[in-house]
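Colleague: coords please:
(one chain, ligands or ions: 1)
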Amino acid sequence: MHHFEYRDGVLHAEDIPLDRLAGEIGTPFYCYSAATLRRHYSVFADAFKGQDTLVAFSVKSLSNVAVLSLLAKLGAGADVVSGGELFRALRAGIPGEKIVFSGVGKTRAEMADALKAGICQFNVESEAELIALDEVARSMNVRAPVALRVNPDVAAGSHDKISTGRKTDKFGISWSIAADVYARAATMEGIDVSGVDVHIGSQITDLAPFGSAFSKVAALVSTLRDQGHDIRRLDLGGGLGVPYHHQDATPPPPHPLDYAKVIHETASHLDLQLIFEPGRMIAGNAGILVARVTYLKENEGRHFAILDCGMNDLIRPALYDAWHDIIPVTEPAEGVGTSLIDIVGPVCESTDRFARNRDMPPLKPGDLVAFLTAGAYGAVQGNEYNTRPLAPELLVDGDRHAIIRRRPTYDEMIAREDVPDWV
Ligand SMILES: *Cc1c(COP(=O)(O)O)cnc(C)c1O
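Modeller: Numbering: from 1, shown residues only. Predicted structure coming up:
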């Protein structure tokens, strides 16, 4: 479900035609729908109504402060993976007690910042990290609320590069030593052992891996309680997939209500707070990337459309062979023919290719196109390779819109660089 649709032959973001926004801000740009963000958050949160839950939005999926503020108003917490994301979440008005801190490489400085902010929970991923956190907390005379992220050794069935819950992945603490590390943690003065955490991957479109991971961690909670640990929170991570194919018959990913049912069946008997860290499920279909065709060209019978956005703006296709539907902003006339074309960017890399042999209606230079489902892991992974300015971000809400990150000038882009006088 999203709010990007053709009206009167032009693709709209809610009530605003995208050609108008392109004229105002220039291309390329990201555009988010406030209604879609609100709807996705509510669908997810409502699936657990009446239970003690914290929905901690995964900040790394879409970290613009305006988006975080919008979600904060709905009651969302935040899952952060760096000091920078913690700073953003706090700046957006998300209270410390609704923030969880994940990630395999938290530094002591980041730990201290999070302890100062009084966060809800550290999801600790190794014994070495636990020892460091204990030291930092004791030096500040506080106790750090901790869940150990355990690795349940399940394959999530999504793309290899976004799977995190197999025993050879870098994430989490091995299942075989988890109970020992909990025992060790319980002896540390700076550590308050309070939860169990699991996150098995991203873009998961099948409920079975969730079911097997969640029943394993639920059993672990019982074992740990029997061993005397006061486990009050169970963090089940993120990972619920979203539809990327809107034009064919690919079966849709599970609805949050069905996901909630799996959790009801595996964890509802435990009587503890449930934490979720959805990212893509909330942000994915709430955003698009709009670009313009710069040139068409043909090499030895192969046809290319060259856009003014590149892999620096949207890296998912280059990084994980991701599919994005790409549609013209002007609705193609009914019955118009299609042909196969490669859709590429201007960056000097062969991987700067968004689609290969894509069946597209006719395009010509100057036409606008939209990449659908680009809200999550889109703008956040943008970079300035080839000294291309970061694409700006727009937020639309009904007939209102605002630029929530403007395009930097070239001066701003090089302002942090210095030439030493000995050069
Ligand atoms: C990336 C990540 C998430 C969010 O995953 P989605 O697939 O976007 O829901 C949640 N938790 C952790 C620890 C992550 O690394």
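Colleague: What is the burial count for the residue lying closest to residue 312 once chain neighbours are set aside?
Modeller: Excluding its sequence neighbours, the residue lying closest to residue 312 (Cβ to Cβ, 6 or more residues apart in numbering) is residue 385, at 4.3 Å. Glycine gets a C-beta too; all of them are placed from N, C-alpha and C. The tally of other residues near residue 385 (other Cβ atoms under 10 Å) stands at 15.
Colleague: hang on, isn't residue 200 packed against residue 153?
Modeller: No - using Cβ atoms under 8 Å, residue 200 is not in contact with residue 153; the gap is 9.5 Å.
Colleague: list residues touching both of the two?
Modeller: residue 165 (Cβ atoms under 8 Å, 6 or more residues apart in numbering).
Colleague: neighbour count winner among the two?
Modeller: Taking other Cβ under 10 Å, residue 200 and residue 153 do not tie; residue 200 has more neighbours (29 against 18).
Colleague: which residues of the stretch 101-250 of the chain fall in strands?
Modeller: Shown for the stretch 101-250 of the chain, the strands assigned by DSSP state E, counting those that start in this stretch span residues 121-124, 144-151, 173-174, 191-197, 233-235.
Colleague: which of the ones you listed sits most buried?
Modeller: Stretch with highest mean neighbour count among the strands of the stretch 101-250 of the chain: strand 121-124 (a mean of 29; mean count of other Cβ atoms under 10 Å).
Colleague: Close to the ligand: what parts of the stretch 151-300 of the chain are there?
Modeller: 199, 202, 237, 238, 239, 240, 277, 278, 279, 280, 281 (Cβ under 6 Å from any ligand atom).
Colleague: Make JSON lines from these and add neighbour count to it.
Modeller: JSON lines is the format used below for these (neighbours: other Cβ atoms under 10 Å):
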{"residue": "199", "neighbour count": "25"}
{"residue": "202", "neighbour count": "25"}
{"residue": "237", "neighbour count": "30"}
{"residue": "238", "neighbour count": "24"}
{"residue": "239", "neighbour count": "30"}
{"residue": "240", "neighbour count": "25"}
{"residue": "277", "neighbour count": "27"}
{"residue": "278", "neighbour count": "28"}
{"residue": "279", "neighbour count": "25"}
{"residue": "280", "neighbour count": "26"}
{"residue": "281", "neighbour count": "27"}
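Colleague: From those residues, which land in helices?
Modeller: 280, 281 (DSSP state H).
Colleague: of all the residues of the stretch 151-300 of the chain next to the ligand, which comes closest to residue 180?
Modeller: Comparing these against residue 180 with Cβ to Cβ places residue 199 closest, at 21.2 Å.
Colleague: That closest one and residue 73, how far apart?
Modeller: To residue 73, residue 199 is 26 Å away according to Cβ to Cβ, to the nearest Å.
Colleague: Walking through the stretch 301-423 of the chain, point out its helices one by one.
Modeller: For the stretch 301-423 of the chain, helices defined by DSSP state H, counting those that start in this stretch occupy the ranges 316-320, 410-414.
Colleague: Please identify the most buried of the ones you listed.
Modeller: helix 316-320 (a mean of 18).
Colleague: still on that earlier bit, return the member of the residues of the stretch 151-300 of the chain next to the ligand nearest to residue 176.
Modeller: residue 199 (18.8 Å).
Colleague: Is that closest one in contact with residue 240, as I believe?
Modeller: No - checked against Cβ under 8 Å, the pair residue 199 and residue 240 is beyond contact range at 11.4 Å.
Colleague: For residue 386, list the residues it contacts.
Modeller: Each residue near residue 386 by Cβ under 8 Å, 6+ apart is listed here: 310, 312, 346, 347, 348.
Colleague: Around the spatially closest residue to residue 247 that is not a sequence neighbour, how many other residues sit close by?
Modeller: Nearest in space to residue 247, with sequence neighbours left out and distances taken as Cβ to Cβ, 6+ apart, is residue 325 at 6.1 Å. By other Cβ under 10 Å, the residues close to residue 325 number 18.
Colleague: One more: residue 349?
Modeller: Residues near residue 349, counting by other Cβ under 10 Å, number 14.
Colleague: Give me the local confidence score for it.
Modeller: What the model reports as pLDDT for residue 349 is 95.
Colleague: Tell me which residues touch it, please.
Modeller: Per Cβ under 8 Å, 6+ apart, neighbours of residue 349: 311, 318.
Colleague: go with 7 Å
Modeller: For residue 349, the contact set (Cβ atoms under 7 Å, 6 or more residues apart in numbering) comprises residue 311.
Colleague: again with the one 5 residues further on
Modeller: Neighbour list for residue 354: 317, 324, 326, 343, 344, 345 [criterion: Cβ under 7 Å, 6+ apart].
Colleague: what's the fifth one in contact with, if anything?
Modeller: Residue 344 is in contact with 304, 306, 352, 353, 354, counting by Cβ under 7 Å, 6+ apart.
Colleague: ok, back up a step: between the helices of the stretch 301-423 of the chain, which one is closest to the ligand.
Modeller: helix 316-320 (12.1 Å; Cβ to the nearest ligand atom).
Colleague: Nice, that's everything, thank you.
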